[in-house]
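Participant: Need a 3D model of the sequence below.
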Amino acid sequence: MIAITTVVTSLYLREKAVPIPLTTLIVGIVNIPWILKFIWGPIVDRFNRFGRKTFIILGGLLTVSSMFIVSMVDPGASLIPFTLLIFLGHIGIGFIDVSTDAWAIDVSTDKDRGKINGSMFAGQYSAWAIGAAIFPFIGSNFGYGYAYFTNGFIILIILIFPFLVKETIKYKSRQKIASLVIKEFKKKTTQLIAIFSPIVFMNEGMLSFIMPIYMRDNLGISDVQIGLISMILPIFLAVGSVAGGIITDKIGRKLTLYIFIGLNIIFTATLIFTNNWLNLSIIYGIIGFMMGAHSTVSCALFMDVTNPRIGATQYGIFTGIANIGLNGGGMITGSMVAALGFTRTFLYSAWIFGPALLILHFIKLKEHIKRS
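Facilitator: Just a heads-up that it's a prediction; the model follows:
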């Protein structure tokens, strides 16, 4: 779904002559369900007697249905229905996401959450890479409707896996969600992490939304080539996720974040020197590695401070707020490019990490989390 949204939908709308600011706005709108995790999470926790698996399956079926229908809609003639259907698809993915995260919290400990998050992110990014390569090829050769249909079919196959995994339901009574959430968010550490989360993910949103457009409009690269180059980011995101997960379980959350965020600032700024597909590919891959590492560590940090009794809700709030930064940063990039150009937009996407590092400095962690 990430490949469908950030790569295929961007290219499809540009093919239909939709302006760049409107294109990035629509991509942002269809991603809003990722921000609304504070809605999906309480539903999963409230009805936890049905298990996490049930909501994974139901969310998947909603996504599959929306992808099959949107494959028959022409955005040039029916832009609003087209947008709404992808939006519904992401609601389904939102339920899959919060349910899987809560399931991971149920079965993990502080000592292995870095590696667990690394594997989860690596899987997500690997699928993004495959989609970024395959879907533009399908769209260019057979029509973009077939790309959406293929995506729905792949997700339908993936829904087999929840049936193969046994789930032990830990909490069979309804949780007092509101009181527990209020108690947790009265803690200073929790509040600082909630502020940190949208800022640290804003860079990823800005780059992932605008890069396919930059490659097409500024460098003159074909859609198939854009798909292959776009594949570089998630491949290195996956590698970086695994590396970040392993490193943070050894040296702690904050030190790992300082290292990878600091390096990402430098390499994001160097995007201003990319004037051909080769140096863009090299720098884009390095950025992907750094981005994957600090994203994984950030989410491990979220899990560390999450109360397992409201795992879907509290962790969903953290990641939902993070997606406000990711999605919000992505939505404004089209307008930023129109007003400032690509070069200044890249520099601002590097600058945004400064406030994130400042907030990180004031986050105090327990020793077992710092050196888990």
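
Participant: And the lowest mean pLDDT element among the helices and strands of the protein?
Facilitator: helix 367-370 (a mean of 43; mean pLDDT, DSSP states H and E).

Participant: by contact count, what packs against the helix or strand in which Ser99 is found?
Facilitator: Assigned by DSSP states H and E, Ser99 belongs to helix 79-107. Packed against helix 79-107 by the contact rule (3 or more CB pairs under 8 Å, 6 or more residues apart in numbering; DSSP states H and E) you find helix 20-30, helix 32-35, helix 37-46, helix 52-70, helix 113-142, helix 277-304, helix 311-340. Where you see a C-beta, it was placed from the backbone N, CA and C, and this is true even at glycine.

Participant: Check what contacts the shortest one and list those residues.
Facilitator: Applying CB atoms under 8 Å, 6 or more residues apart in numbering, the external contacts of helix 32-35 come out as 40, 87, 90-91, 93-94, 97, 319-321, 323-324, 326-327.

Participant: rerun at 10 Å
Facilitator: 1-2, 5, 28, 39-40, 86-95, 97-98, 198, 319-328, 331 (CB atoms under 10 Å, 6 or more residues apart in numbering).

Participant: pull the CA atoms of it into PDB?
Facilitator: Presented in PDB, the C-alpha positions along helix 32-35 are these (Å, rounded to 0.1, in the frame of the first residue of the first chain):
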ATOM      1  CA  ILE A  32      -4.900  10.100   6.800                       C
ATOM      2  CA  PRO A  33      -6.200   6.700   8.300                       C
ATOM      3  CA  TRP A  34      -2.600   6.100   9.400                       C
ATOM      4  CA  ILE A  35      -3.000   9.200  11.600                       C
END
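
Participant: which SSE is His361 in?
Facilitator: helix 353-362.

Participant: Just the buried positions in that helix, please.
Facilitator: Phe353, Ala356, Leu357, Leu360 (16 or more other CB atoms under 10 Å).

Participant: From the chain's centroid, how far away is that helix?
Facilitator: 21 Å (CA atoms, centre = their mean, to the nearest Å).

Participant: That one to helix 277-304, inter-axis angle?
Facilitator: Counting by axes from the mean of the first three to the mean of the last three CA atoms, to 10 degrees, helix 353-362 points 30 degrees away from the direction of helix 277-304.

Participant: what does helix 353-362 rub up against?
Facilitator: 188-189, 192-193, 195-203, 253-254, 257-258, 261-262, 264-265, 268, 294, 298, 301, 325.

Participant: Is it possible to mark the buried ones in these?
Facilitator: Buried among the contacts of helix 353-362 (16+ other CB under 10 Å): 189, 192-193, 196-203, 253-254, 257, 261, 264-265, 268, 294, 298, 301, 325.

Participant: what angle sits between the helix holding Ser99 and helix 311-340?
Facilitator: 140 degrees.

Participant: In the chain, where is pLDDT below threshold?
Facilitator: Counting by pLDDT under 70, the ranges of the chain that qualify are 169-175, 366-372.

Participant: Count the residues that sit near Gln191.
Facilitator: 13 (other CB atoms under 10 Å).
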